[in-house]
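**Student:** I would like to see how this sequence folds:
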Amino acid sequence: MTNGKIARVRTAALAAVAIAGALAAGPVAAAEWRAWNIHVDGYPNTVAMDKFAELVAEKTDGRVTVKNFHGGVLGSQPDAIEQVRVGALQVGNFNLGPIGPIAPAANVVSLPFVFRDIDHMHTALDGEAGDKISEGMAEKGLIALAWYDSGARSFYNTQKPIEKPEDVKGMKVRVMNNDLYSGMIAELGGNPSPMAFSEVYQSLKTGVVDGAENNWPSYESTGHFEVAGFYSNSQHLIIPECVCINADLWNSLSPEDQEAVKEAARESAELQRELWAEREKTSREKVIAAGVKYNDITDKAPFQEAMKPVYDKYLAENPDIKPLVELIQNTQ
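**Tutor:** Numbers count the residues shown, from 1 in each chain. You can find the predicted model right below:
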């Protein structure tokens, strides 16, 4: 036998011993999942996703580890949603807004005033309604493990407090490019003005629009409070985010690991919600201290009633969603 053949036999023998030892000892390495997140370091979601990764490793005894990629470094949100759907990425922290066109059940959260307030959203999504939305998403390759906050959007403008639907009449209000949001402003008597978010500050300053709508941190961090000094707490849109996993991967897990991963996601959601509430409080205090005139809209019923044509149109196009809308509205 030549020296070359002896070396190959020896290498093969050593490899066989290594494989046998690995099989006896168990898996040689944990399954490592890659997770997408658009937010930057220090943001509530980023901190919570890092906690999720820590808890997954802990609760699965190292059988699964999660490597987070923050700041959208693995692509845009629509791209990342598709990557998780097909399994190129395993996990993502996504807003339900861009999932809605893919999974109609998820689009229900974009209906104006479908949630009465943040607490109502938490109760609904942590219960049966959230399970129904996740089931609809599962048909499109995504399983929602837990729900994160992304704030409640409210009206702000350059002119006056908004206390009743009539106060919106005649106002030019910037909205995101979505028929549901344009319909909302139109039914309140305003003029919806879809435009890029980057254009809103200058448009408010120059009077191209009279108002816009967003959550406290966005209102504060963009400086919109400097040019639109009336903030009316309508909470007309409460669009949550999810921690989502590829459906095929989820179905391949043992019941034990499914429970461990879901527990990790839900515990991370508790942390995210606490951090988000602190962030909102800080932003709110900052803009009020700067002189913003703030009011709560205590009676939302007239606003909700004004949305009937928006709902009628949406449900005519999506009749299967009606029971889910009613389930959310009837959640106490």
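
**Student:** quick one, phi/psi of residue 213?
**Tutor:** phi -150, psi 140 (degrees, to the nearest 10).

**Student:** confirm residue 73 sits in a helix?
**Tutor:** No - secondary structure of residue 73 (DSSP: H, G, I helix; E, B strand; the rest coil): coil, not part of a helix.

**Student:** backbone phi and psi for the nearest residue to residue 160 once chain neighbours are set aside, please?
**Tutor:** Using CB to CB, 6 or more residues apart in numbering and skipping residues adjacent in sequence, the residue nearest residue 160 is residue 230, 6.0 Å away. Any C-beta I mention is one placed from the backbone N, CA and C, and that applies to glycine too. The phi/psi pair for residue 230 (degrees, to the nearest 10) reads phi -120, psi 120.

**Student:** beta partners for residue 230?
**Tutor:** residue 157, residue 293 (DSSP bridges).

**Student:** what segments of the stretch 1-150 of the chain are helices?
**Tutor:** 3-25, 44-59, 77-86, 96-99, 118-125, 128-138 (DSSP state H, counting those that start in this stretch).

**Student:** which helices and strands does the fifth one pack with?
**Tutor:** Under the contact definition 3 or more CB pairs under 8 Å, 6 or more residues apart in numbering; DSSP states H and E, helix 118-125 sits against strand 230-238.

**Student:** same question, the second one
**Tutor:** Using 3+ CB pairs under 8 Å, 6+ apart as the contact definition, the elements that helix 44-59 packs against are strand 31-36, strand 64-69, strand 142-148, strand 241-246, helix 255-289.

**Student:** contacts for that helix?
**Tutor:** 30, 33, 35, 37, 39-40, 64-68, 70, 93, 148-149, 241, 243, 260-261, 263-265, 267-269, 271-272, 275-276, 279 (CB atoms under 8 Å, 6 or more residues apart in numbering).

**Student:** neighbours of residue 50, how many?
**Tutor:** Applying other CB atoms under 10 Å, we find 18 other residues in the vicinity of residue 50.

**Student:** what distance do you get for it to residue 66?
**Tutor:** 9 Å (CB to CB, to the nearest Å).

**Student:** likewise residue 171?
**Tutor:** Taking CB to CB, one finds residue 171 at 45 Å from residue 66.

**Student:** just residue 130 next, same as before
**Tutor:** Using CB to CB, residue 130 is found at 22 Å from residue 66.

**Student:** again with residue 140
**Tutor:** Taken as CB to CB, the span from residue 140 to residue 66 is 22 Å.

**Student:** of these two, who's got more company?
**Tutor:** Remark: of residue 140 and residue 66, residue 66 carries more neighbours, 23 against 15, as counted by other CB under 10 Å.

**Student:** mind checking pLDDT for the more buried one?
**Tutor:** pLDDT, residue 66: 98.

**Student:** report the beta-bridge partners for it.
**Tutor:** residue 33.

**Student:** please name the residues that touch the spatially most central residue of the chain.
**Tutor:** The residue lying closest to the centre of the chain (CA atoms, centre = their mean) is residue 241, at 1.5 Å. Residues near residue 241 by CB under 8 Å, 6+ apart: 45, 93-96, 147-150.

**Student:** try 10 Å this time
**Tutor:** 37-39, 45, 48, 92-97, 99, 144, 146-151, 269, 272, 276 (CB atoms under 10 Å, 6 or more residues apart in numbering).

**Student:** how near is the closest residue to it other than its chain neighbours to residue 99?
**Tutor:** Leaving aside its chain neighbours, residue 241 sits nearest to residue 148 (4.1 Å; criterion: CB to CB, 6+ apart). Residue 148 sits at a distance of 13 Å from residue 99 (criterion: CB to CB).

**Student:** for residue 268, same thing?
**Tutor:** For residue 268, the distance to residue 99 - CB to CB - is 19 Å.
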